[in-house]
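>>> Predicted structure and sequence below. I'll ask about it afterward.
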Amino acid sequence: MDDDPSIRGMLSEFLTGLSYHVLQAESGEQALGCLEPGPVHMALVDLKLPGMDGIDTVKAIKEKDANVLIIMMTGYPSTESAVRALRYHVYDYLIKPFELAGLEPMIRRALEQQKLQAVDSDLRKKISEMNRRLQLRIEELSFIRKISADIESKTELDEILRTVLTGLTAGEALGFNRAFLFLMNEDRDVLEGVMAVGPADVEEAHRVWTELAERRLSLSEIMHTRKEGEGDRILTDLIRKLKIPMDGENTLTRAVKGRTVLNITETNVREFGEAFPIEMEADRFVAVPLLVKEGPVGVLVADNLFTRRQITEQDVHILETFANQASVAIENARLSIRLEEKVRQLAHAHQELQENQVRLMSAERLAAVGEMAARIIHEIKTPLISIGGFARLIRKTLPRGDPNITSYLTIISEEVSRLERVIENLLVLAKPGHQNARPDDLNEVVETTLLLVGEHAEETHIRIQTSLDPDMPLFEFDRNQLRQVLLNLFQNAIHAMPNGGSLQVTTRQKNSFSQILVRDTGVGIPNEHLEKLFVPFFTTRPNGVGLGLSIAQKILQDHNGFIEVTSEVGVGTTFAVNLPLKQPPTENA
């Protein structure tokens, strides 16, 4: 630009000949107009222009486009003008008149420098962007390290899950408004909602975030101090209702089956289908699958329902990195739970095996002892029968004489009879049980057995009360053996109430068993005696043998039943006889 048209024409012709596109201007205002259509790389500006002078023009050009190279031209050079020109980064200074041959290399050098500056600027921008990304990556790794350290310090699955979700919503970390966790079930065919973290409404969101901002807690501090809020409970209750079949078409199942992150926006939510119930109002969210080598574990979901902040690619990237760490921690915790359960099962199985081995060894020993005892008892029983028989015969045939001899013979007969009963009871304990089980009426057996002790009970002022289940079905048991059990229990109850009392007999159904309760209001049994009640020959009665309850227990065990006892000294004792309700087979009509 120059106010002299001859100079403008000469420069335009020369530069056009060098294949440059040239625009002419005779004033500063006109020169600024030349910048509007498109980029201008270089301007030749005369120092003295009408109106806006050359320096002001340079200043205005630089304000519009700082990349324009400027060469000043003047016929009246001065130090002051040169300094002013350099202040605005003028590339060079031409003194009129000048040779056109010297202008061409000056322009070429200026444009080359401009290219270098552009390359330098581009490199600086790239370096700045790389530094920015590096800083973000450092922050990501720092976050992952912090959250991983906190997760590793936890052993309980619920603690790990809450730490994962809190990491997604904590301000220092990703700062999502809400986070949800779905895990695969054991059969890996259903996604089940497990836990959620986040406020229930805007008011709670504002309160929680204001509190966290004021306290300026670090991620670790938030993990250790934050308790489950009302919003967490509401969201968790909602999410636990969600059971999403993996064979269905759903956003979350797509993320898991496709092993890919899905960033759902308002524009593509219809494409992927509904994922949450209406109450959760989740229309924009990110779903990240939790994956391990063995397969999918579940899916993490996060959204910004309240702030409406856009979920960026950077958010998705760090969330994906975080999900990799969380997947391993969650799967390890679940494997630990399964391992603990297997260990418990093995320990239980081992204990049962040991108990069965003990029972087997005991049964083998008892069988051997029983067989030997049966032989010994048989050998004893034969002479006892002979002794008793001869004693009774002598007593009958002996002429009336010395009364002492008659008394002695009576004692011998009675003691032999008692020994015979003991031997019979020992044979019951020693031999395997033989039952004559058939469908029978339990209530009727109870009533007829009570008749056998009714007179004795009345003599000792004992009131007998019964409560028999009218709906008790017929079931299989040995009538005579059960009567033996009940008779022993009724007699024991009467002996426990020497001063009178109450004998209550109840029948009822309990689960798959029939139950006979025999309650007395007698003296009760001390705790130290309860454990020995069913031990053969244990008795607290002076003339007792101590085999009645042992035989009762064996009879019930032979019926696949059992007997229980509870007692309180001074209050009374309750025996519970339990027999399986083994139903007779039904005949086809």
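Perfect, thanks for sending it. Numbering: from 1, shown residues only.
>>> Now Glu159: which helix or strand?
helix 157-169 (DSSP states H and E).
>>> Can I get that helix in CSV, CA atoms only?
Presented in CSV, the C-alpha positions along helix 157-169 are these (Å, rounded to 0.1, in the frame of the first residue of the first chain):
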residue,chain,number,x,y,z
LEU,A,157,-17.7,-57.8,48.9
ASP,A,158,-20.2,-55.0,50.0
GLU,A,159,-17.3,-52.8,51.1
ILE,A,160,-15.6,-53.3,47.8
LEU,A,161,-18.8,-52.5,45.8
ARG,A,162,-19.4,-49.3,47.8
THR,A,163,-15.8,-48.2,47.4
VAL,A,164,-16.1,-48.7,43.6
LEU,A,165,-19.3,-46.7,43.4
THR,A,166,-18.1,-44.0,45.7
GLY,A,167,-15.0,-43.7,43.6
LEU,A,168,-17.2,-42.9,40.6
THR,A,169,-19.1,-40.2,42.4
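>>> Pull out the C-alpha coordinates of the helix or strand just after that helix and format them as PDB.
On the C-terminal side of helix 157-169, the closest following helix or strand by DSSP H and E is strand 178-184. Only the C-alpha atoms of strand 178-184 are listed here, as PDB (Å, rounded to 0.1, in the frame of the first residue of the first chain):
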ATOM      1  CA  ARG A 178     -24.900 -41.300  40.400                       C
ATOM      2  CA  ALA A 179     -23.400 -44.700  39.900                       C
ATOM      3  CA  PHE A 180     -25.100 -48.100  39.600                       C
ATOM      4  CA  LEU A 181     -23.700 -51.700  39.700                       C
ATOM      5  CA  PHE A 182     -25.100 -54.800  38.100                       C
ATOM      6  CA  LEU A 183     -23.500 -58.200  38.500                       C
ATOM      7  CA  MET A 184     -24.100 -61.500  36.700                       C
END
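>>> still on that earlier bit, taking strand 178-184 as reference, get the angle to the helix holding Glu159.
140 degrees (axes from the mean of the first three to the mean of the last three Cα atoms, to 10 degrees).
>>> Can you name every helix or strand that helix 157-169 contacts?
For helix 157-169, the contact count by 3 or more Cβ pairs under 8 Å, 6 or more residues apart in numbering; DSSP states H and E identifies helix 100-152, strand 178-184, strand 190-197, helix 219-225, strand 295-303, helix 313-397 as packing neighbours. Yep, even glycine has a C-beta here, placed from its N, CA and C like the rest.
>>> Stretch 35-45 spans what distance, first to last residue?
Distance between the two ends of stretch 35-45: 14 Å, counting by Cα to Cα, to the nearest Å.
>>> Excluding its own residues, what touches that stretch? List them.
1-2, 11, 23, 31, 34, 54, 57-58, 61, 64-65, 67-73, 94, 107, 110-111, 114 (Cβ atoms under 8 Å, 6 or more residues apart in numbering).
>>> So which of those residues sit within helices?
With DSSP state H as the criterion, helices contain Leu11, Ala31, Cys34, Gly54, Thr57, Val58, Ile61, Lys64, Ile107, Ala110, Leu111, Gln114 from among those.
>>> close enough to count as contact, the fourth one and Lys48?
Yes: at 6.4 Å, Gly54 and Lys48 qualify as touching, with contact defined as Cβ atoms under 8 Å.
>>> Neighbour count: those two, which is higher?
A direct count of neighbours by other Cβ atoms under 10 Å for Gly54 and Lys48 places Gly54 higher, at 24 against 14.
>>> Give me the mean pLDDT for stretch 6-26.
The average pLDDT within stretch 6-26 is 86.
>>> Equivalent analysis for stretch 396-403, please.
Mean predicted confidence for stretch 396-403 is 67.
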